[in-house]
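Asker: prediction below, plus the sequence it came from.
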Amino acid sequence: MYIDDLDTPVLVIDLDALEHNLERYQRYFDSHGIGLRPHIKTHKTLAIAARQLAGGAAGLTCQKVGEAETMVWGGLQTDIMIPYNILGKPKLDRLMALARQTRITASADSAHTVRGYSTAALEWGVTLGVVVELECGHNRTGVATAADALALGKLIDSLPGLELRGIMGFPTPPAVRPFLQETIHAFERAGLPCPIVSGGGTPYALEAHLIPELTEYRVGEYIVGGEGHLRAGRHTVEECALRVLATVVSRPTEGRAILDSGSKTMSASTIPVGDGQSMGFIVEYPDARFYGASEEHGHVDVTACVRKPQIGERVQVLPVHLCPCVNEHNEIVAHRAGRVEAVWPVLARGKVR
Ligand SMILES: Cc1ncc(COP(=O)(O)O)c(C=O)c1O
């Protein structure tokens with residue numbers, strides 16, 4: 001079977017491009033002595049995670065406990081980092097059950113989180129690895145100063161059931177190096193261990209060597225690309241491995257084409273392009289603008305296209321942001337040069353707890 005025979009809309013992955021991205025980034029991180037810890041939240045499938053591990057990854061990253069359960073229960077009993085504050089008994093019980101089965105490291109940015117980890121670890125009789133999260137410019141989670149990181153590190157080190165494993169941040173552009181250095185020195189002076197210094201994010205991945213203190217790096221979208229990475233010059237069209245195959249279902253006006261891939265296929269993510277927004281890059285029509293969507297309709301401005309798409313024509317679309325896009329799908333069809341080789345269930349889709 002070939003992807004041209006598939007009903008649309010459907011998410012397809014080009015195995016040659018996937019393997020190329022996997023090797024390219026693995027080679028980079030290997031050459032700089034930095035462990036590559038792929039983030040599975042992008043693809044949410046066992047088959048891709050298994051390929052990443054076989055390709056030399058130092059372990060996996062999962063954003064939620066449910067994603068980690070999917071990996072471990074699916075047979076990938078590997079070294080897993082969950083860079084998230086995990087709170088409340090239901091999740092802590094599941095986290096400790098996982099820590100019984102494999103090596104788990106969770107992050108924390110408050111004494112509240114850390115104390116919860118310790119109480120649960122004691123109750124379950126397990127040791128949980130913990131890294132202190134630093135706020136690295138995303139204005140999300142993480143402690144803001146080296147002094148706060150040190151105080152939290154001391155607390156983790158002092159509490160039963162926990163093993164202080166170092167620090168992490170997201171994203172980690174080269175500019176955050178002084179903050180990392182200051183924190184590492186503070187840990188050293190206090191005699192605290194800091195075996196893990198974990199950076200993350202595809203946009204700065206190939207600059208990780210500019211922070212020699214990094215011991216490992218978490219990347220998700222590197223393996224599939226997407227319109228954001230294409231427009232930023234990080235991935236070529238050929239390197240954008242994961243695409244939506246869609247069909248033109250209507251041409252209501254000369255300047256508008258409607259695809260069968262709306263926000264429930266693409267996700268609602270957009271990026272600014274020119275003076276508007278884009279929901280995806282149409283490979284066959286680079287001058288088209290996928291400017292919006294309703295749930296099941298993709299709205300495309302084809303005014304600038306010399307040749308315009310016809311009703312019934314199929315197109316390949318590079319979504320803006322693959323992580324939420326994948327989360328909309330039950331399966332990914334894997335192909336090589338158009339020939340279908342496998343259908344992978346997106347087992348961790350919807351695992352938000
Ligand atoms: C904590 C953390 N680490 C790593 C990543 C991976 O980022 P990317 O998909 O840009 O590689 C993310 C993405 O949101 C993240 O939140």
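Answerer: That came through fine.
Asker: for Leu159, which residues are in contact?
Answerer: 114-115, 117-118 (C-beta atoms under 8 Å, 6 or more residues apart in numbering). C-beta coordinates here come from the backbone N, C-alpha and C atoms, glycine included.
Asker: so it versus Gln310, what's the distance?
Answerer: Here Leu159 is placed at a distance of 65 Å from Gln310 (C-beta to C-beta, to the nearest Å).
Asker: and what of Arg177?
Answerer: Taking C-beta to C-beta, one finds Arg177 at 53 Å from Gln310.
Asker: looking at these two, which has the bigger crowd around it?
Answerer: The neighbour comparison of Arg177 against Gln310 (other C-beta atoms under 10 Å) goes to Arg177, with 16 against 9.
Asker: and stretch 217-232, end to end?
Answerer: For stretch 217-232, the first-to-last residue distance is 20 Å (C-alpha to C-alpha, to the nearest Å).
Asker: so which bits of that stretch are buried?
Answerer: Using 16 or more other C-beta atoms under 10 Å as the test for burial, stretch 217-232 gives 217-231.
Asker: so which of these are in strands?
Answerer: Members of the buried residues of stretch 217-232 lying in strands (criterion: DSSP state E): 217-218.
Asker: contacts with the ligand among the buried residues of stretch 217-232, please.
Answerer: Restricting the buried residues of stretch 217-232 to those within reach of the ligand (C-beta under 6 Å from any ligand atom) leaves 218-222.
Asker: who wins for most neighbours among the contacts of Leu159?
Answerer: Neighbour max across these (other C-beta under 10 Å) = Tyr117, 26 neighbours.
Asker: give me the element the nearest residue in space to Val131 that is not next to it in sequence is part of.
Answerer: Setting aside the residues directly before and after it, Val131 is nearest to Met168 in space (C-beta to C-beta, 6 or more residues apart in numbering), at 4.7 Å. Assigned by DSSP states H and E, Met168 belongs to strand 162-170.
Asker: do Val131 as well
Answerer: strand 128-135.
Asker: other SSEs contacting that strand?
Answerer: If you count contacts as 3 or more C-beta pairs under 8 Å, 6 or more residues apart in numbering; DSSP states H and E, strand 128-135 packs onto helix 89-101, strand 104-108, helix 111-124, helix 146-158, strand 162-170, helix 177-189.
Asker: roughly how far is it from the heart of the chain?
Answerer: 18 Å (C-alpha atoms, centre = their mean, to the nearest Å).
Asker: could I get the buried residue list for that strand?
Answerer: 128-135.
Asker: quick check, the residue nearest to Val131 in contact with Ile196.
Answerer: Yes - contact status for Met168 versus Ile196: in contact at 7.1 Å, counting by C-beta atoms under 8 Å.
Asker: what about the buried residues of stretch 217-232, which are in helices?
Answerer: 227-231 (DSSP state H).
Asker: format the residues you listed as TSV; extra columns: pLDDT.
Answerer: Formatted as TSV, these follow (pLDDT from 0 to 100):
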residue	pLDDT
Glu227	98
Gly228	96
His229	98
Leu230	98
Arg231	97
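Asker: return the member of the residues you listed nearest to Arg51.
Answerer: Of all these, His229 has the smallest distance to Arg51: 19.5 Å, by C-beta to C-beta.
Asker: residues contacting the closest one?
Answerer: Contacts of His229 (C-beta under 8 Å, 6+ apart): 202, 221, 235, 240.
Asker: buried subset of the residues you listed as a PyMOL selection?
Answerer: Buried subset of the contacts of His229, written as a PyMOL selection, criterion 16+ other C-beta under 10 Å:
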select buried, resi 202+221+235+240
